[in-house]
Structures are given as structure tokens and as C-alpha cells.
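K.L.:
Generate a structure from the sequence data that follows.
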Amino acid sequence: MTSPAQQTLFLPFENGILPPLDDGARFLAFGIEADAALEGAWKEALAIVQPFRPAYLKLGRAGFHVVPRLEGDVLFDGGLMLLAKHRGRNEQWFADLLSRVAPGGTIVICGDKKLGIGSFRKWAGKIAEAEDRLSKNHAVVFWMKRPAGLPGEAIEALYPAAKRVDGRFHTAAGMFSHGEIDKGSALLARHLEGRLSGAVADFGAGWGYLSAECLKYPQKITKLDLYEADFEALEAARGNLSGLAGNIPVSFHWQDLVSEPLTAIYDTVVMNPPFHEGRAADISLGRAFIAAAARRLKSGGRLLFVANRQLPYEATLKSLFRSVETLEEGQGFKVVEARR
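P.N.:
Numbers count the residues shown, from 1 in each chain. Below you'll find the model as predicted:
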């Protein structure tokens, strides 16, 4: 079932406020989900950018044309955007729409009121004045024409600046822990020495901080595999780890650890598992990561992970691992070692 905000996104077309699609029209879309209601003309018209692997997989299975990142220089007749929870990524998507929609083409943007659609509409309106708006399903949709004669430098100025972390890591808006080292991950990193061995995997690797910390102990590691569902974060990790691995083979996997099975076997898994689906806490994600680690660890293999102290993972750990030890609690986190 699609979100109420996505239903609202298409209301101007359904209500006849905006004209129906022309034959052969192509619309660039950001952030939308698979939707059985988008059959026929819309399904053919949409080119969807979706960097989040679970949503990307659902769109692909439903037969939509979807890519994780925009490539090439094709112009589109119009654009659609469903606000994500990260303001910076929304700003990036809006700039991409201005770059890729032909002058005079319609751009339609919608978002849940809780995601700040009101303030985003005011910000976007400084670049292109909205023609109109409507509100339904606790969401607001507004639309505009892509201005003609918009200078390229004005569009470039809309892209949020990338942030360097610790003088060595590239991060960008929308990624987990954008612009800073996550406190929980930093706490876990203090316990890696003497506990890493053999084939190592980083589950939910983000932009690569924990993997970089693992590579500080090359004499203990035979290979390192990174798994991450956010395509942009994984590409950042690829750059951030460049030059750090020496002779250690490092591989990068854009993968949903919840729905896509792994085949490799590991001696050590490190992770700072996610516990949010959208804006809501969902501890089943962390439990799924723990179960995935248990399936792919050798007998005697070690899981090292950090989590918010209040998250109840102990029962899952004890049911899947031979021994479980809390190495440290502090700053609202707990660092746990579990052995198969």
C-alpha cells in the first residue's frame, strides 16, 4: 500500500487540475514507491531514481524503470518528487529536477506535513514560483513550471555541500550520520582491537567509518565486505576506503540484508544496525541484522555490534549465539560481543 503522501502527489492529475500525460511523455521521479495504481500511461512515463535498496527492489519487481542514481544528460518533459525525511537529499533532488526537466515542464512536489513540506515549498518558491497547491491526507502537493533561462550556477548553488568528517571521510546529505562520526560507532571502534579475525563483514556499512576502523588491523583480516542499502552511502564508502586496504581484498555490496540472502561465510561481523523505518522506530530491523549475522558466521565466529541501550535485543541474541557479553555501556549505547 502506498503512502498517503504519494496518493496526494498524483491528485492534481486525477482531479484534472493538471493536464493528462501526453503520449510518449517522460517524467523523472524521485522518492516514489511501487504502486499498483500507476499502471498504463504513468508506468510507461516514469523514470524513477531510488537509492534505497528495499524500495528499489519493490519498484523493479513491479515493472517500473528504476535506477539508483541519475546518469547521462537526458531531458524530461516533467518531474515528480515525494519528500524524503532528509532535507538535504530533498534539496539535491529538487536541483536534479531543475537540471533534467526541460524549460516549461511541470514539476510536482509532495510531502507529509510532518516532513516540513511547508518550509520546503517556501524554499523552492525562491527559485520557481508555485502555480498552486492542494492539501489532503495530511500532505501538501504543489506544482510549478521549470523556469526558462535559469542559469546553471543558480542550480548548482542549490545542491547541499558535502561534509568532510575527521579530515578524511566524504559524507553527503541523506546518509546516516551525515557530517559526523556516530557516537555509537565510535564506541564500538574502541573494542575492535584483538577481536577481529579472518573474513570480516560490515553490515549496514554506511559511508564506511567502521570498515575504516577495521582496516587499522590489517594483520588480522583476510578480506573485508561492506553491505549497505543506501546506494549513495555505499559509493561514498568506496571512495573513503580508497588507499586504506593495502593488500586486503575489499568488496562493496548494495544489498538489503533483510530480504536478500547472503552467500559468503565470515569469521567476524561488525555492525551498527538501523532501528528506524522512515520516522518510526522498528526494532525488527536490528533483529533481522542479528539473524543475518548468525546465519553467515562460522562456528566460533564473532559478532561485534553497538545499539541504543534500551533496545531489547538480548532474547534474540541468546537464541542464536552460544555466548553473549556486554563489553561496555555508556553515552546511551551498549557494545555487545556474541559468539556462535
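
K.L.:
Distance of residue 180 relative to residue 108?
P.N.:
Distance, residue 180 to residue 108, using C-beta to C-beta, to the nearest Å: 34 Å. Heads up, the C-betas are built off the backbone N, CA and C, glycines and all.

K.L.:
Quick one: the strands in the stretch 201-340 of the chain, in order.
P.N.:
Residue ranges of the strands in the stretch 201-340 of the chain, as given by DSSP state E, counting those that start in this stretch, are 221-228, 250-254, 266-271, 276-277, 280-281, 297-308, 323-330, 333-339.

K.L.:
model confidence over the fourth one, on average?
P.N.:
When you say that, I think you mean strand 276-277. Averaging pLDDT along strand 276-277 yields 50.

K.L.:
please begin residue numbering at 210 from this point
P.N.:
Happy to do that; since the first residue is 210 now, the last one works out to strand 485-486.

K.L.:
and residue 276, how many neighbours?
P.N.:
16 (other C-beta atoms under 10 Å).

K.L.:
right, I mislabeled it, should have said residue 517
P.N.:
Neighbour number of residue 517 under other C-beta under 10 Å is 14.

K.L.:
ditto for residue 226
P.N.:
13.

K.L.:
Against residue 217, how distant is the nearest residue to it once chain neighbours are set aside?
P.N.:
In space, and not counting its chain neighbours, residue 226 is closest to residue 341: 7.1 Å by C-beta to C-beta, 6 or more residues apart in numbering. Noted for residue 341: a distance of 14 Å to residue 217, by C-beta to C-beta.

K.L.:
Which residue of these two possesses the greater neighbour count?
P.N.:
The residue with more neighbours, out of residue 341 and residue 217, is residue 217; 22 against 11, by other C-beta under 10 Å.

K.L.:
After the helix or strand where that one lies, which helix or strand is next?
P.N.:
Using DSSP states H and E, residue 217 sits in helix 213-218. Using DSSP H and E, the helix or strand that follows helix 213-218 in sequence is helix 220-223.

K.L.:
helices and strands around that next one, which ones?
P.N.:
strand 341-345, strand 348-354 (3 or more C-beta pairs under 8 Å, 6 or more residues apart in numbering; DSSP states H and E).

K.L.:
got the angle for the last one vs strand 341-345?
P.N.:
In terms of direction (axes from the mean of the first three to the mean of the last three C-alpha atoms, to 10 degrees), strand 348-354 departs from strand 341-345 by 160 degrees.

K.L.:
Residues touching the helix or strand following strand 348-354, excluding its own?
P.N.:
Counting by DSSP H and E, the next helix or strand C-terminal to strand 348-354 is helix 361-365. Around helix 361-365, the neighbours that count as contacts under C-beta atoms under 8 Å, 6 or more residues apart in numbering are 304, 307-308, 336.

K.L.:
Show me what whichever helix or strand comes after helix 361-365 packs onto, helices and strands only.
P.N.:
Remark: after helix 361-365, the chain's next helix or strand is strand 372-374, criterion DSSP H and E. When contacts are defined as 3+ C-beta pairs under 8 Å, 6+ apart, strand 372-374 sits against strand 378-380.

K.L.:
and for the strand it packs on, what are the contacting residues?
P.N.:
In contact with strand 378-380 (C-beta under 8 Å, 6+ apart) are residues 371-374, 386-388, 416-418, 421, 445, 448-449.

K.L.:
how about 6 Å then?
P.N.:
Here strand 378-380 makes contact (C-beta atoms under 6 Å, 6 or more residues apart in numbering) with 371-372, 374, 387-388, 416, 445, 448-449.

K.L.:
how about that strand: buried residues?
P.N.:
378-380 (16 or more other C-beta atoms under 10 Å).

K.L.:
With adjacent residues omitted, what lies nearest to residue 235?
P.N.:
residue 285 (5.0 Å).

K.L.:
list the contacts for the one you found?
P.N.:
So residue 285 contacts 235, 237, 309-310 (C-beta under 6 Å, 6+ apart).

K.L.:
Can you list the residue ranges for strands in the stretch 210-359 of the chain?
P.N.:
So, for the stretch 210-359 of the chain - with DSSP E, counting those that start in this stretch - the strands run 236-239, 255-258, 274-276, 285-291, 310-321, 341-345, 348-354.

K.L.:
quick one: which of those strands is nearest residue 501?
P.N.:
strand 274-276 (24.2 Å; C-beta to C-beta).

K.L.:
So what touches that closest one?
P.N.:
256-259, 265, 268-269.

K.L.:
Please check those residues and keep the buried ones.
P.N.:
256-259, 265, 268.

K.L.:
would you turn the contacts of strand 378-380 into CSV with neighbour count, pLDDT and distance to residue 277?
P.N.:
Converted to CSV, these look like this (neighbours: other C-beta atoms under 10 Å; pLDDT from 0 to 100; distance: C-beta to C-beta, whole Å):
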residue, neighbour count, pLDDT, distance to residue 277
371, 14, 85, 18
372, 15, 90, 21
374, 16, 92, 23
387, 20, 88, 18
388, 15, 88, 22
416, 28, 97, 15
445, 22, 96, 13
448, 12, 96, 16
449, 21, 97, 18
